[in-house]
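Colleague: the sequence and its predicted three-dimensional model are supplied below.
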Amino acid sequence: MSISTTKVLLRPGVLLVLGVLFAVFVPASPAHAEDPLGELVAANPGVARSEMAAAVRAEAARTRVSERTVIANALDEARSSAASAAGSGSPALRSSGGGGTVALGAARYPGDIFVAPADTAGIQHGHAGIYHGKGTIVEAPGAGKRSRSAAASIYPVRKGAVKQYVKVSYNDGAKAGKYAYDHLRGKEYNNNFAFNKDPNGAKMNCSQLVWAAYKKALNVDLDGNGGPGVYPYDLKNSSRTVTYQVM
């Protein structure tokens, strides 16, 4: 889609469909009652305990707070995301990105995003993506797969999925979508949602990809709660996003 150089059409927002996939936290089990780090690992399937511990240490150094506080904050955010996912509509599928019985379809604007129910390894989460143009999405589909583009017209989502625009100009939304398409495809999957706010990451999960597209292209932060991680439903609940269609 061409963008006029003489007239900028302002709109509430744009959705780039980047496949974003996040692990949503579940209530602590007896096995993790006195092991908060173990809880955090359990909420992020595919992340080794040593890897999570290293991420906690790095976040503690960056924020200059205790590792215990970092873990507590990350667990609070994971639980909040899980609650949002649980109330998202139909039951989640046992899959990462994609899956479902409804075709996603075209966006209203380039740079629009989508957030859909999903789960991984029994952990409820969501999946997200960003639109490049109106008919193509960019997403991180899940563990073992690289981020990619896909045709929105045949991309399956679960009932309860939403399309949203971002409160930026038409041209800026298109820039975010183009950035995702040009720079964020082909990346390995990042299993860690708890500490994923790295816009330059060599690996990316679905919500991280959408967040990074807007952060890098426009310096717009779509994280709805400002926590150490950005989950799919953090994007949905951001003050910068507006839902215009529920599937």
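Modeller: In hand now; what should we look at?
Colleague: okay, now residue 148: neighbour count?
Modeller: 18 (other Cβ atoms under 10 Å). In this view, the C-beta of every residue, glycine as well, is placed from N, C-alpha and C.
Colleague: show me what contacts it?
Modeller: 19, 138-139, 141, 185-186 (Cβ atoms under 8 Å, 6 or more residues apart in numbering).
Colleague: which helix or which strand is home to the residue lying closest to residue 199 once chain neighbours are set aside?
Modeller: For residue 199, the nearest residue in space outside its immediate sequence neighbours is residue 212; the separation is 4.1 Å by Cβ to Cβ, 6 or more residues apart in numbering. Counting by DSSP states H and E, the element that carries residue 212 is helix 206-218.
Colleague: could you do residue 130 as well?
Modeller: Here residue 130 is covered by strand 123-132, with elements defined by DSSP H and E.
Colleague: what's that strand packed up against?
Modeller: Helices and strands touching strand 123-132, as assessed by 3 or more Cβ pairs under 8 Å, 6 or more residues apart in numbering; DSSP states H and E, comprise strand 20-23, helix 67-86, strand 113-120, strand 136-139, helix 170-183, helix 206-218, helix 232-236.
Colleague: nearest residue to the middle of the protein?
Modeller: In the chain, the C-alpha nearest the mean C-alpha coordinate belongs to residue 207, at 1.3 Å (Cα atoms, centre = their mean).
Colleague: mind checking how far that one is from residue 60?
Modeller: For residue 207, the distance to residue 60 under the criterion Cβ to Cβ, to the nearest Å works out to 23 Å.
Colleague: surely residue 195 touches residue 227?
Modeller: No - with contact defined as Cβ atoms under 8 Å, residue 195 does not reach residue 227; the gap is 9.7 Å.
Colleague: okay, and the common contacts of these two?
Modeller: Shared contacts of residue 195 and residue 227, defined by Cβ under 8 Å, 6+ apart, comprise residue 74.
Colleague: looking at the two, which is more packed in?
Modeller: Legend: neighbour count by other Cβ under 10 Å for residue 195 and residue 227, higher for residue 195 (24 against 19).
Colleague: okay, that one and residue 228: tell me how far apart.
Modeller: 5 Å.
Colleague: can you check which residues contact both of these two?
Modeller: When Cβ under 8 Å, 6+ apart defines a contact, the residues bordering residue 195 and residue 228 alike are 59, 74.
Colleague: could you give me the average pLDDT of the helix holding residue 212?
Modeller: In this model, helix 206-218 has a mean pLDDT of 98.
Colleague: how about that helix as CSV, C-alpha atoms only?
Modeller: Taking Å, rounded to 0.1, in the frame of the first residue of the first chain, the C-alpha atoms of helix 206-218 are listed here in CSV:
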residue,chain,number,x,y,z
CYS,A,206,5.3,-12.8,19.9
SER,A,207,4.6,-9.9,22.2
GLN,A,208,8.2,-8.9,22.3
LEU,A,209,8.2,-8.7,18.5
VAL,A,210,5.2,-6.4,18.4
TRP,A,211,6.6,-4.3,21.2
ALA,A,212,10.0,-4.1,19.6
ALA,A,213,8.5,-3.0,16.2
TYR,A,214,6.9,0.1,17.8
LYS,A,215,9.8,0.8,20.1
LYS,A,216,12.4,0.7,17.4
ALA,A,217,10.5,2.4,14.6
LEU,A,218,8.7,5.1,16.7
